[in-house]
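1. compute the structure for the input listed below.
(one chain, ligands or ions: 1)
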Amino acid sequence: MTQTGDVILQTRGLSRSFGALMAVDGVDISVKAGQITGLIGPNGAGKSTLFGLIAGEVQPSAGEVIFDGKPISGLRPDRIFRAGLARTFQIPRPFPQMSVLENVMLSATAQSGETFWNNWFRSGLVAAEERRSRERAMEVLAFTGLADKARDLAGVLSGGQQKLLELARVMMVDPPLILLDEPTAGVNPTLIETLIDKIVALNERGVAFLIVEHNMDMVMRICRHIVVMAQGRVIFEGDPAGVMKEQRVVDAYLGDVSVGELA
Ligand SMILES: Nc1ncnc2c1ncn2[C@@H]1O[C@H](COP(=O)(O)OP(=O)(O)OP(=O)(O)O)[C@@H](O)[C@H]1O
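-> A predicted model of the protein is given here:
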C-alpha cells in the first residue's frame, strides 16, 4: 500500500508523436502520494497529451506509466480509473439530460466499462447496491456543495458547478490520485475558491492531485511541487518559490525558449 510521500505515479521516457510533431518527448515525472503536484507550461507544451497518456486515452509511442508500483501503459481508461487513477476534463462531460445525482451514481459503473442496465437487470443484489451507491453519491454531493442540486438536470449547471460535479463523480471510486485538467477554466471567482477548498480538503484526507492549470495564483497557492513543460519536454521542476525564480520558466511562457538548448 502506498504511503504519503511515496511515489504513486511515475512516467519513464514517455513519448507521443503526431506525425513529425513530438507532442510529449521523453517525459520522466514522479507524483508523490498525498501531495498536490502542478503541471504548467505554455499552450501546446504537451500537458493535455501527457494527461491522456497517463489516463490511457492516448497510446504512447514510447515509454511507460507506473501507477502504485504497477505498469498501466496499454490498459483501457476504465481499468485505470478502477485502479484508482481518476481524471477530470478541461471541458466537463456530464450526461446533460440526467440528474446530477444520476450522473454521480453512474460514474463508477459507466466508467468501469460495465453497462449500468446489464447490472440493473442481472442481479437481485442490485437494489441494495443502488441504495449504497445513492448514499455515497449524496455524501459526495454534500461534500462538493451540490446536494441541493441533486435532482436538477446536469445540463443546467453553471460551468463551475459542472467542475464540482466532475469532482463528485471521480470521488465515487475513492481514488488515491486525481488528475485535474484546468479545474478553474470557465469558473467564476467565487466557485474557484470553493473548488480550491474542496481540493485542499480532499488532499488533507490523503488524496494526491496532479493538476494542469493556467491559473498561476491557484498553482502557487496549493501545489507543493510544480513540473514545467515546454515543447513536449520537462524543462524545470521545483517548489513554487523555485519556479517563480527560474528564468527558463519565464522564457518558456514568453515563447522565446529553445528547449533543445536547455537539454
Ligand atoms: N490528436 C492530435 N493530433 C495531432 N496533433 C495533436 C493532437 N493532440 C495534440 N496535438 C498537438 O500536440 C501538441 C501538444 O498539445 P497539448 O494539447 O498536449 O498541449 P497543452 O500543453 O495541453 O496545451 P493547452 O495548454 O493549450 O491545452 C500541440 O502542438 C497540439 O497541436
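2. going by C-alpha atoms from here, please, whenever you check contacts or count neighbours.
-> Fine.
3. check which helix or strand covers Arg131.
-> Element membership for Arg131, per DSSP states H and E: helix 126-144.
4. actually Met22, not the one I typed
-> Going by DSSP H and E, Met22 is in strand 21-32.
5. which neighbouring elements make contact with that strand?
-> Using 3 or more C-alpha pairs under 8 Å, 6 or more residues apart in numbering; DSSP states H and E as the contact test, the elements touching strand 21-32 are strand 7-18, helix 47-55, strand 233-238.
6. tell me which of those lies nearest to Leu164.
-> Proximity of the helices and strands packed on strand 21-32 to Leu164 was assessed by C-alpha to C-alpha; the nearest stretch is helix 47-55, lying at 19.4 Å.
7. quick one, phi/psi of the closest residue to the ligand within the stretch 151-263 of the chain?
-> With C-alpha to the nearest ligand atom, the shortest gap between the stretch 151-263 of the chain and the ligand falls at Gly232, namely 6.8 Å. With angles defined as degrees, to the nearest 10, Gly232 shows backbone torsions of phi 80, psi -10.
8. pull the number of nearby residues for it.
-> One way to gauge burial is a neighbour count; for Gly232, by other C-alpha atoms under 10 Å, it gives 24.
9. once you drop chain neighbours, what's closest to it?
-> Excluding its sequence neighbours, the residue lying closest to Gly232 (C-alpha to C-alpha, 6 or more residues apart in numbering) is Val24, at 4.1 Å.
10. hmm, back to that, give me the contact list for the strand holding Met22.
-> Residues lying outside strand 21-32 but in contact with it, judged by C-alpha atoms under 8 Å, 6 or more residues apart in numbering, are 4-17, 37, 44-46, 49-50, 62-63, 208, 210, 227, 231-234.
11. strands of this structure, start to end?
-> 7-18, 21-32, 36-40, 62-67, 70-71, 85-87, 177-181, 208-212, 225-230, 233-238 (DSSP state E).
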